[in-house]
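K.L.:
need coordinates for the following:
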Amino acid sequence: MSAIPVPVRGVRDDAAVIGLVGLAHGLSHYCQLLLAPLFPWLKDAFGVSYAQLGLLLTLFFVVSCGVQTLSGFLVDRHGPRPILFAGLALLAAAAFGFAASTGWWMLAAFSVVAGVGNGVFHPVDYTLLNRKVHPARLGHAFSVHGITGSLGWALAPAMLVPITMAFSWRVALAAAGALVLAVIAVLWLSRGQFALERAPIAHAAGAGAATREDRFAFLAIPAVWMCFAFFLFFAVVLSGVQSFAPEAARQLHGVPARTAAMCLTVYMACSAAGMVAGGFLACDPARCERVVGAGIGMAAAMALVLGFADVPALAVPVLFGVMGLGAGVASPSRDLLVKRSSPDNATGRVYGVVYSGLDIGQAVAPLLFGTLMDLQRPALVWLGIALVQGVLILSAFNVRKVRRTAPAAA
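P.N.:
Numbering: from 1, shown residues only. Next up is the predicted model:
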């Protein structure tokens, strides 16, 4: 298999691709949190339980998981551009559908639609970045990609909750749909940046087309499945921090409710700052496993301190910030783990399979950590987060070990 040459492009061309892909990625994260900030209003409006509302998120991520794997094959076959705009259109339809919903079942149906739309982004994004951005700038590209995702998560509650309080949750969701349409318009005007030649697929002499075995050969690469496991565990940690960690810290350390709510914002902001630094560290692919180990190790140490040390309430947001900084530093190098394990002609497929682990982890983790909170064991929430972070470190080095011991598999 011959490598796919990276086109000769200048810094300005790479910056345009990175910025547009980042915009799309940020919007996908924004749409992941369309419903969660509005749960108190939706609960009253539809007379449902929090468990039923939580099931909407499970539906979203389960569907997104399956679609993410499939969309990787579609990206490799048809190119990223049509898949990207199809996903964006589905997210817009879901937002307006949520706004018009008259019952829980309508919310569930549009959660499925939103999950389908969300499932296309990682295969599209990473195929474009890996194929169009110069290798010397890939670390920065992954850094921007992660930052825009964090900003998308931060924007959703900051926009939806005030609009809901001023008008209604329906107006807030309709405004979200309008925002998606505006982003679609911006990306459509720059659609030429998403054009990509199809990757050549190696085949035997005289063969007219790639066989089924060619298309699925990447599944035999052990490093691909190690990356899948890594991202599944990463999602468990992220979901635990986003959903139950602030409340667990509040119960353990007597943190005021307002301060506890601020902890997640501090975590995401410091994570974004860490991604900037991590982009520079990721410029040397040979050290990506060590960067992941150091960053996640720092985050795990902070989780243990929050779970088992006697710390003052005012120190809790600081510890959240240090934990987010460590996770952010590791993020660009984390993405390079997948890049280095991907055959050149199967980028979309590999990222589709690997990043489906994120959706599985985010679907499962709330059940695990929610049960610990129901059992009134907030310290075990932090212990669980720290233990899974330890598994993440081992997984990163196992990816390198597997990749070195089976170089011919790719």
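
K.L.:
element containing C65, please.
P.N.:
Element membership of C65, judged by DSSP states H and E, is helix 50-78.

K.L.:
distance from the chain centre to the helix or strand that that helix is followed by, please.
P.N.:
Using DSSP H and E, the helix or strand that directly follows helix 50-78 along the chain is helix 80-100. For helix 80-100, the gap between its own C-alpha mean and the chain's C-alpha mean amounts to 18 Å (C-alpha atoms, centre = their mean, to the nearest Å).

K.L.:
tell me the angle of helix 80-100 relative to helix 50-78?
P.N.:
Orientation check (axes from the mean of the first three to the mean of the last three C-alpha atoms, to 10 degrees): helix 80-100 against helix 50-78 gives 160 degrees.

K.L.:
which strands or helices does helix 80-100 pack on?
P.N.:
Secondary-structure packing of helix 80-100 (3 or more C-beta pairs under 8 Å, 6 or more residues apart in numbering; DSSP states H and E): helix 11-32, helix 50-78, helix 104-118, helix 121-132, helix 169-189. Using the backbone N, CA and C atoms, a C-beta is placed for each residue, glycine as well.

K.L.:
can you say which of the ones you listed is nearest to H253?
P.N.:
Of all these, it is helix 50-78 that lies closest to H253, at 24.4 Å by C-beta to C-beta.

K.L.:
just want the angle from that closest one to helix 121-132.
P.N.:
Relative orientation of helix 50-78 and helix 121-132, computed by the same axes, to 10 degrees: 30 degrees.

K.L.:
and helix 50-78, average pLDDT?
P.N.:
The average pLDDT within helix 50-78 is 80.

K.L.:
got the contact list for G390?
P.N.:
A300 (C-beta atoms under 8 Å, 6 or more residues apart in numbering).

K.L.:
so for it, what's the pLDDT?
P.N.:
pLDDT for G390: 90.

K.L.:
and the one helix or strand it maps to, what's buried?
P.N.:
Take DSSP H and E as the rule and G390 turns out to sit in helix 378-405. The neighbour-count check on helix 378-405 (16 or more other C-beta atoms under 10 Å) flags 378, 380-389, 391-393, 395-396, 398-400, 402-403 as buried.

K.L.:
same question for stretch 272-286.
P.N.:
Under 16+ other C-beta under 10 Å, the buried positions of stretch 272-286 are 272-279, 281-283.

K.L.:
so where is the stretch 151-300 of the chain shaky, pLDDT-wise?
P.N.:
Applying pLDDT under 70 to the stretch 151-300 of the chain flags residues 196-223, 257-258, 261, 282-285.

K.L.:
what's the spacing between S239 and A175?
P.N.:
S239 sits 26 Å away from A175, taking C-beta to C-beta, to the nearest Å as the criterion.

K.L.:
please identify which of these two sits among more neighbours.
P.N.:
S239 (24 against 17; other C-beta atoms under 10 Å).

K.L.:
let me see the contact set for that one.
P.N.:
Counted by C-beta under 8 Å, 6+ apart, S239 has contacts 361-362, 365-366, 369.

K.L.:
will you turn those into JSON lines that also has neighbour count?
P.N.:
Output for these, formatted as JSON lines (neighbours: other C-beta atoms under 10 Å):
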{"residue": "G361", "neighbour count": "23"}
{"residue": "Q362", "neighbour count": "26"}
{"residue": "A365", "neighbour count": "26"}
{"residue": "P366", "neighbour count": "19"}
{"residue": "F369", "neighbour count": "25"}
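
K.L.:
go through these and name the one nearest D310.
P.N.:
Here the nearest of those to D310, counting by C-beta to C-beta, is F369; it sits at 22.4 Å.

K.L.:
pretty sure the closest one sits against S243.
P.N.:
Yes - using C-beta atoms under 8 Å, F369 is in contact with S243, at 6.4 Å.

K.L.:
anything in contact with each of these two?
P.N.:
Common contacts of F369 and S243, defined by C-beta under 8 Å, 6+ apart, are absent altogether.

K.L.:
going by contacts, tell me the helices and strands next to the helix holding C65.
P.N.:
helix 39-46, helix 80-100, helix 104-118, helix 121-132, helix 347-374.

K.L.:
can you give me the buried ones in the third one?
P.N.:
Of all the residues in helix 104-118, those buried under the rule 16+ other C-beta under 10 Å are 104, 107, 110-118.

K.L.:
what is the orientation angle of it with helix 169-189?
P.N.:
Going by the same axes, to 10 degrees, helix 104-118 makes 20 degrees with helix 169-189.

K.L.:
list the buried ones in the helix holding C65?
P.N.:
Buried, per 16+ other C-beta under 10 Å, within helix 50-78: 53-65, 67-76.

K.L.:
separation between P162 and Y30?
P.N.:
15 Å.

K.L.:
so G254 sits right up against A313, yeah?
P.N.:
Yes - with contacts counted by C-beta under 8 Å, G254 reaches A313, the gap being 5.5 Å.

K.L.:
more neighbours, these two?
P.N.:
Ranked by neighbour count (other C-beta under 10 Å), G254 and A313 place A313 first, with 15 against 11.

K.L.:
for the more buried one, what are its contacts?
P.N.:
By C-beta under 8 Å, 6+ apart, the contact set of A313 is 253-256, 259.

K.L.:
the buried residues of stretch 272-286 in strands, which ones?
P.N.:
Of those, none are assigned to strands by DSSP state E.

K.L.:
CSV please, covering those and showing distance to M302.
P.N.:
Listed next are these as CSV, based on distance: C-beta to C-beta, whole Å:
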residue, distance to M302
A272, 17
A273, 15
G274, 12
M275, 17
V276, 19
A277, 17
G278, 17
G279, 22
L281, 19
A282, 22
C283, 26
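
K.L.:
which of those residues lies closest to L336?
P.N.:
Nearest to L336 out of the buried residues of stretch 272-286 is A282 (C-beta to C-beta; 5.5 Å).

K.L.:
give me the neighbour count for F46.
P.N.:
Using other C-beta under 10 Å, F46 has 16 neighbouring residues.

K.L.:
find the nearest non-adjacent residue to it, please.
P.N.:
Of all residues not flanking F46 in the chain, W104 sits nearest, at 5.3 Å (C-beta to C-beta, 6 or more residues apart in numbering).

K.L.:
skipping its backbone neighbours, what lies nearest V237 in space?
P.N.:
V388 is the one closest to V237 (C-beta to C-beta, 6+ apart), at 5.2 Å.

K.L.:
show me the contacts for that neighbour.
P.N.:
Contacts for V388 (C-beta under 8 Å, 6+ apart) come out as 233, 236-237, 240.
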